[in-house]
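S.K.: Model the structure of this input:
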Amino acid sequence: MIDKKLELINFDSDLFTHGASLIQYPDSPLHLMIALINHLKSGSVVELFSYHVGDDSATHIETIRHNLIKRPNSIALVNSDGSFYVTNDGEYEGRLMRMFEIYARLKHGRVLFRDGET
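M.R.: Residues are numbered from 1 along each chain as shown. Prediction:
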């Protein structure tokens, strides 16, 4: 395995990744869409990138921010149009409420679907 640092084109934000997924574009098996969960101080988002296998860079396509994406944990792309499933491991974002949610064993996790065509 070869580790490679990619230049991120059209992306000027911080990147604090957690979950990741990739999928091939149907017309080109060496062209991939990459989805990353990005835990920013301003809230968590999903970042989409386009990458051609062998290139030294990936191009930022879109940042997805939604009020239902609160504490994303895992992501799975299902189509190269940007459709994906993402899981939240809980409801609360503040530290005190997160601790309460964990210790009280509240079941606030959820699975969300984003339709990339709409």
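S.K.: Stretch 22-41: how far from the chain's middle?
M.R.: When distances are taken as Cα atoms, centre = their mean, to the nearest Å, stretch 22-41 is centred 9 Å away from the chain's centroid.
S.K.: So what touches that stretch?
M.R.: 13-21, 44-54, 58, 61, 63, 72-75, 77-80, 82, 84, 86 (Cβ atoms under 8 Å, 6 or more residues apart in numbering). C-beta coordinates here come from the backbone N, C-alpha and C atoms, glycine included.
S.K.: Am I right that Pro29 is in a strand?
M.R.: Yes. Pro29 forms part of a strand when assessed by DSSP: H, G, I helix; E, B strand; the rest coil.
S.K.: Near it, how many other residues are there?
M.R.: 9 (other Cβ atoms under 10 Å).
S.K.: follow-up on the earlier one: so of the contacts of stretch 22-41, which ones are in strands?
M.R.: 17-21, 44-52, 58, 61, 63, 72-75, 77, 84, 86 (DSSP state E).
S.K.: For stretch 6-17, give the mean pLDDT please.
M.R.: Averaging pLDDT along stretch 6-17 yields 94.
S.K.: er, stretch 66-77 actually
M.R.: On average, stretch 66-77 scores 91.
S.K.: Make 45 the first number, not 1, from now on.
M.R.: Will do, 45 is the new start, and the previous item becomes stretch 110-121.
S.K.: Check which residues of that stretch are buried.
M.R.: Ile113, Lys114, Arg115, Pro116, Ile119, Ala120, Leu121 (16 or more other Cβ atoms under 10 Å).
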